[in-house]
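Q: predicted model and sequence follow; I will ask about them next.
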Amino acid sequence: MRITTRGRYALRASLALASLQNEAPVSINQLSREENISSVFLEQIFFRLRRAGIVSSVRGPGGGFQFTRDLSSITVKDVLQAAGEELNVTDCDKNAKACASVPRRCASHNVWADITVLLDKYLGSVTLASVLERFQKS
């Protein structure tokens, strides 16, 4: 599995939004300055996050983005998937048909499939709230 720059930036920007957001929406420009990420790239990322229902946008002066639900209900998996990341360790862990070998003869297939399940469970259990809490303690 390889998380792309888009996925890494989506998580960074989401955590920045979480730490900056009070009652007012946070602009792309502010997030761009805070995280040193291109505002054009952030617009693409937040379009995906909005489409996935993770954030909403407010137009006009004082506009920007805000989360649609509590941070304790948004997981790292939610953000990465919204950004378009494939959370599989290898292509062959998705299904047996993708394996170059016949699955019953491929001893490693189940290892990759099990790792993908563990990764999925872990990323689905880590919320944005828990990441910020852990960061603030360190």
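A: On my side now, so go ahead. Here the structure is a predicted model, which means the values were calculated and not measured.

Q: pull out the buried residues from the lowest-mean-pLDDT helix or strand in the chain.
A: Within the chain, confidence by mean pLDDT, DSSP states H and E is lowest for helix 109-125 among all helices and strands, at a mean of 90. Burial within helix 109-125, assessed by neighbour count using 16 or more other C-beta atoms under 10 Å, is assigned to His109, Trp112, Ala113, Thr116, Leu119, Leu123. Any C-beta I mention is one placed from the backbone N, CA and C, and that applies to glycine too.

Q: list just the nearest of these to Arg12.
A: Compare each of the buried residues of helix 109-125 with Arg12 using C-beta to C-beta and the shortest gap goes to Leu123, at 15.4 Å.

Q: can you pull out the low-pLDDT segments for the protein?
A: Per-residue confidence of the chain (counting by pLDDT under 70) places the weak regions at 91-105.

Q: contacts for stretch 15-29, please.
A: For stretch 15-29, the external contacting residues (C-beta atoms under 8 Å, 6 or more residues apart in numbering) are 30-31, 34-35, 39, 42-43, 46, 55, 57-58, 62-67, 71, 128-129, 131-132, 135.
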